[in-house]
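Chemist: Need a 3D model of the following:
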Amino acid sequence: MSAAEGPLVVGVDSSTQSTKVLVVDAATGQVVASGQAPHTVSSGAGRESDPRQWWDALCEALHQCGEAAHEAAAVSIAGQQHGLVTLDAQGAPVRPALLWNDVRSAPQARRLVEELGGPKAWAERTGSVPGASFTVTKWAWLAEQEPEAARSTAAVRLPHDYLTQHLTGEGTTDRGDASGTGWWASTAEAYDEEILALVGLDPALLPRVVRPGEVAGTVRDSHDLPFSKGTLVAAGTGDNAAAALGLGLRPGTPVLSLGTSGTVYAVSRHRTADPSGTVAGFADARGDWLPLACTLNCTLAVDRVAALLGLDREAVEPVTSVTLLPYLDGERTPNLPNASGLLHGLRHDTTAGQLLQAAYDGAVHALLGALDLVLDQDADRTTPLLLIGGGARGTAWQQTVRRLSGRPVLIPEARELVALGAAAQAAGLLTGEDPAAVARRWRTADGPVLEAVDRDEATLNRISGVLSDAAPLLERGTRTP
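Modeler: Numbering: from 1, shown residues only. Purely as a prediction, here's the structure:
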């Protein structure tokens with residue numbers, strides 16, 4: 001038996017590019033073992049992955065954890081949001097999963113918004129206005145572009161649902177991840193049959209929504225995972241809701257996550273319904289709400305700019321007048337799915353380091369612009385901004401967020417917060433605690449605080465002005481819809 005004070009739990013983060021596993025002592029929050037294995041994502045117009053890679057990566061990452069994983073009493077899987085997984089009658093993938101950053105369904109998104117009565121109707125009904133990231137638009141695209149695949153589909157799952165089902169044999173999801181589909185009504189907390197009818201999706205193909213704190217099932221014995229048969233399986237959730245659990249978030253504390261995508265969110269007691277579509281009114285994994293704004297282009301886009309310039313990602317220099325909007329994959333916030341990157345203000349004396357800093361500024365600008373919309377009106381604007389995700393350890397990212405936000409910035413020392421949040425959810429099954437309270441007991445949000453500096457209004461205004469002036473060009477983009 002591992003030298004642990006309490007039972008062991010497993011938290012899984014199945015992200016866009018890899019699966020990470022933590023084995024955690026439920027009593028102390030100590031990570032006693034970890035593992036990681038990669039996935040591949042297609043390039044080109046679409047962004048797809050074979051779901052079987054996720055399962056193989058989970059198996060590999062768990063085996064890296066050794067005996068500690070076998071001793072675990074409960075497990076929870078968090079995964080990338082929005083992805084469309086279509087399964088046949090035998091439970092095998094019909095086709096590769098359409099991922100959150102696949103924007104080919106932008107025309108279907110525009111049509112669906114109109115057919116249900118416009119953005120306000122969608123926001124009031126589902127909490128969000130669906131863009132190309134949302135699962136409902138991906139199903140509409142599939143039904144139109146690959147009707148045979150749609151007809152062959154016997155079950156529709158989200159990425160974390162697919163992995164949970166492999167463990168338990170049951171089709172389940174949770175309210176947090178379901179709220180990102182576009183076919184879950186936040187007003188009723190149930191699947192919206194009118195929306196499902198609009199896209200021709202039979203509700204019988206969807207998983208059961210497990211309540212917060214409810215056991216989704218137990219590990220079955222028909223696979224070679226290093227779990228004991230009967231190990232408890234939690235509902236799991238989407239990656240952002242899991243990170244909120246992993247931080248033990250209380251209402252009003254803002255989070256900025258720097259990963260493949262960039263997100264800004266906060267826990268709220270109030271259901272959000274933003275008709276502009278900037279803020280998605282997601283549910284959290286506990287019973288509250290998680291208003292969230294997301295960009296498609298964050299760390300990977302900035303790293304790509306650094307690579308094109310032949311620079312290390314930290315080799316930034318102060319910017320004077322150059323603006324770079326790094327919309328390399330189209331963009332979700334602002335809603336410009338067909339956009340490409342845009343550079344403005346280039347001069348003879350512009351340096352490569354300045355261009356790189358401009359890419360950082362452009363990536364952070366949209367997220368901070370959505371921050372006030374994410375927070376409740378009575379939220380304390382001096383509360384430190386929690387900076388998480390792969391980019392949070394980078395000095396250039398830290399200083400850019402600090403300068404453009406004008407807020408103190410707290411950088412939690414705990415790593416792998418999505419997997420830690422999943423582990424906290426698994427621990428809550430055993431102890432009966434609120435998973436966020438578990439994470440607070442583990443002190444996951446402790447870390448250094450960078451003091452506030454004066455907000456760089458000049459840079460923010462310059463970027464906003466370029467974005468406004470270039471909107472027609474960005475909307476037209478370089479792709480054929």
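Chemist: any idea which helix is longest in the chain?
Modeler: helix 352-374 (DSSP state H).
Chemist: Would you map the helices across the stretch 101-250 of the chain?
Modeler: 106-115, 119-126, 135-145, 147-151, 159-168, 175-178, 193-198, 239-247 (DSSP state H, counting those that start in this stretch).
Chemist: thinking again about what came up before, how about the longest helix of the chain as CSV, C-alpha atoms only?
Modeler: Extracted in CSV, the C-alpha atoms of helix 352-374 (Å, rounded to 0.1, in the frame of the first residue of the first chain):
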residue,chain,number,x,y,z
ALA,A,352,11.2,40.8,-34.3
GLY,A,353,11.0,41.0,-30.6
GLN,A,354,8.3,43.7,-30.9
LEU,A,355,6.3,41.6,-33.3
LEU,A,356,6.4,38.7,-30.8
GLN,A,357,5.2,41.0,-28.0
ALA,A,358,2.4,42.2,-30.3
ALA,A,359,1.3,38.6,-30.7
TYR,A,360,1.1,38.2,-26.9
ASP,A,361,-0.8,41.5,-26.7
GLY,A,362,-3.3,40.4,-29.4
ALA,A,363,-3.9,37.1,-27.7
VAL,A,364,-4.6,38.6,-24.3
HIS,A,365,-6.6,41.5,-25.5
ALA,A,366,-9.8,39.6,-26.4
LEU,A,367,-9.8,37.7,-23.1
LEU,A,368,-9.5,40.7,-21.0
GLY,A,369,-12.1,42.5,-23.0
ALA,A,370,-14.5,39.8,-21.9
LEU,A,371,-13.5,39.8,-18.3
ASP,A,372,-16.0,42.4,-17.1
LEU,A,373,-18.8,40.5,-18.9
VAL,A,374,-17.9,37.3,-17.1
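Chemist: Make a markdown table from the helices of the stretch 101-250 of the chain and add mean pLDDT, mean neighbour count and distance to residue 9 to it.
Modeler: Using the backbone N, CA and C atoms, a C-beta is placed for each residue, glycine as well. What follows is the helices of the stretch 101-250 of the chain, written out as a markdown table (pLDDT from 0 to 100; neighbours: other C-beta atoms under 10 Å; distance: least, C-beta to C-beta, whole Å):
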| stretch | mean pLDDT | mean neighbour count | distance to residue 9 |
| --- | --- | --- | --- |
| helix 106-115 | 96 | 18 | 38 |
| helix 119-126 | 96 | 19 | 32 |
| helix 135-145 | 98 | 23 | 28 |
| helix 147-151 | 97 | 13 | 37 |
| helix 159-168 | 96 | 26 | 14 |
| helix 175-178 | 97 | 29 | 19 |
| helix 193-198 | 97 | 15 | 35 |
| helix 239-247 | 95 | 31 | 13 |
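Chemist: Between the ones you listed, which one is closest to residue 377.
Modeler: helix 119-126 (17.3 Å; C-beta to C-beta).
Chemist: ok, residues contacting the closest one?
Modeler: Applying C-beta atoms under 8 Å, 6 or more residues apart in numbering, the contact partners of helix 119-126 are 113, 116, 128-130, 179, 182-187, 192, 195, 273-277, 281.
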